[in-house]
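K.L.:
A predicted structure for the sequence below; I have some questions about it.
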Amino acid sequence: MVESESRKKADLEQLEQKITTAGVIAKNQLLSLSQEKFACVPDAEQAAKKLEKELPYHALEDLEFVPQPRHGKPGRPRKGITASNYYYQVRANLVLNSELVNKEKNRAGRFILATNVLDHQFLSDDKLLREYKAQQSTQRGFRFLKDPMFFADS
């Protein structure tokens, strides 16, 4: 396993960007969910659970289902008339899932290099990393040759 400080810095920046983007999307989804009207609490609860599963870096906290009166006729009801039935709306707060974010931060900058050469005298860890990095130029050359825009006469 190799840990690179420069790769870690770049990975952490990417992670912060992903979390920020996911936060904006999650806020919009929660706003949309809070405006929906549900016939019963189980329907609202199911929708909230579905949303929470879709959130990659966030969770719903202080989840509550608020009953709202629904009157039979359109317009403002007269004084003293009680609601004929109710619909329910979801209210919740969005919080960052710190356990998941910490796991991702611990993974940042780490990758695994494997080889079937087990003799450390023949191939040390530093030499293995140098060999791996040296392959990048070769891979770029093959990418160029495989490009469909590169027409070569066979």
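P.N.:
Yes, it's here.

K.L.:
element containing the spatially most central residue of the chain?
P.N.:
Closest to where the C-alpha atoms of the chain average out (Cα atoms, centre = their mean) is residue 56, at 3.0 Å. In this structure, residue 56 sits in neither a helix nor a strand according to DSSP states H and E.

K.L.:
the nearest residue to it once chain neighbours are set aside and residue 36, how far apart?
P.N.:
Distances taken as Cβ to Cβ, 6 or more residues apart in numbering place residue 22 nearest to residue 56, at 5.3 Å, with adjacent residues excluded. Every residue, glycine included, has its C-beta placed from N, CA and C. Separation of residue 22 from residue 36 (Cβ to Cβ, to the nearest Å) stands at 21 Å.

K.L.:
try residue 132
P.N.:
From residue 132 over to residue 36 (counting by Cβ to Cβ), the distance is 51 Å.

K.L.:
the helices in the protein, which residues?
P.N.:
Per DSSP state H, the chain carries helices over the ranges 5-35, 41-54, 98-107, 125-146.

K.L.:
quick one: closest of those to residue 82.
P.N.:
helix 41-54 (19.8 Å; Cβ to Cβ).
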